[in-house]
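Enquirer: Pasting a predicted model and its sequence here:
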Amino acid sequence: MKKQLTFGYAIRSFVGHLEGTGKAAHTITNYRQDLQLFERFIHSRVARKPVKVDQLTLRDLRTYAEYLRAEGFHDNTRRRRLLTVKRFFEYLTRRGRLDVDLGSRVPAPHKIERVPRVVDASKLLEIARGLEGEGRLALRNRVLLCTLLETGCLVSEVARLQFDQFDFERGVLEVQGKAARSIPISQQLLAQVASLRESGPGRFLFLGFNRFGPLAATPVTPRGVEMLVKAHASRLGAPELTPRVIRHSVVVAWARSGVEIPVIRERLGLKTDYAFRAYAPLLRDLGP
């Protein structure tokens, strides 16, 4: 007998799926909050509770889309919240919990692009290399920050980096996963990686830490990477720094150094011009 597809069960299942695919903690929080808003809206419309997700209709989803518009949510906010619901239904259909993917029949607003915020990645990289602190934790933090500032990798990619992904002969980082690619890195970063490897055993580059020391064979979490950047933002001279801002800033740094756009796109793991579109205003407005 199938478990009743209540909102609580369905959301927990979806969130578990997101965690299993390595989504960042901030992203998962946004997904959960968007689905909880959808749940509150649905419960406000029906008298019988709890509402089962497999009892929802296309009219319910379309009414929710109209509700978001009527409440005055910004286009991008409405888009995100509808896309969350669409992905939620797509996941449940793929898992065989729903017979029809109703979400695929509800269009989301087009995204209004904003110019990404950037900082001077080269300047921050020099500061990160000189951060003070002794011990393996301080070394891990320096190497992690420098890796972000040199490669522009995603939080989920950096969190699970392994030592064998660094090719010391070719001077590149071999990013694995869905967007596999090679990113050239400096000799300074390679030297830092070598020092980190000598400081203790393990295959993961960035281990998680607790008050007793490093967690053997347990990599830092994506949320841990986000918190590390936040904790060091002021020391780097950029109080509002985030991993996303670092990624945008690395793109600008590459472009200023003469790297061609197709190469930049490849280094980011973006397969289409559409995926790269957010960077167009940044690169167009670059000075000499």
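Expert: Nice, I can see it.
Enquirer: hey, which helix or strand in the chain has the poorest pLDDT?
Expert: Of all helical and strand segments in the chain, the minimum by mean pLDDT, DSSP states H and E falls on strand 213-219, at a mean of 74.
Enquirer: That strand: what's the following helix or strand?
Expert: helix 222-232 (DSSP states H and E).
Enquirer: just how off-centre is the helix or strand just after that next one within its chain?
Expert: The C-terminal neighbour of helix 222-232 among helices and strands, as given by DSSP H and E, is helix 243-256. Here helix 243-256 is found 15 Å from its chain centre; the criterion is C-alpha atoms, centre = their mean, to the nearest Å.
Enquirer: Tell me where the chain has strands.
Expert: Ranges of strands within the chain are 166-167, 172-175, 181-184, 207-210, 213-219, based on DSSP state E.
Enquirer: what's the most buried one of the ones you listed?
Expert: strand 172-175 (a mean of 20; mean count of other C-beta atoms under 10 Å). Quick note: C-beta positions are derived from backbone N, CA and C, even for glycine.
Enquirer: Against which helices or strands is that strand packed?
Expert: helix 135-151, strand 166-167, strand 181-184 (3 or more C-beta pairs under 8 Å, 6 or more residues apart in numbering; DSSP states H and E).
Enquirer: Out of those, flag the one nearest Leu68.
Expert: helix 135-151 (34.3 Å; C-beta to C-beta).
Enquirer: Averaged pLDDT, the closest one. What do you get?
Expert: Taken as a whole, helix 135-151 has a mean pLDDT of 94.
Enquirer: Check which residues of that helix are buried.
Expert: 139-151 (16 or more other C-beta atoms under 10 Å).
Enquirer: Give me the angle between that helix and helix 243-256.
Expert: Angle, helix 135-151 to helix 243-256, by axes from the mean of the first three to the mean of the last three C-alpha atoms, to 10 degrees: 50 degrees.
Enquirer: Tell me what angle helix 135-151 forms with helix 222-232.
Expert: Helix 135-151 and helix 222-232 are oriented at 90 degrees to each other (the same axes, to 10 degrees).
Enquirer: what's helix 135-151 packed up against?
Expert: helix 121-129, helix 155-159, strand 172-175, helix 187-198, strand 207-210, strand 213-219, helix 222-232, helix 243-256.
Enquirer: can we see that at 7 Å?
Expert: Applying 3 or more C-beta pairs under 7 Å, 6 or more residues apart in numbering; DSSP states H and E, one finds that helix 135-151 makes contact with helix 121-129, helix 155-159, helix 187-198, helix 222-232, helix 243-256.
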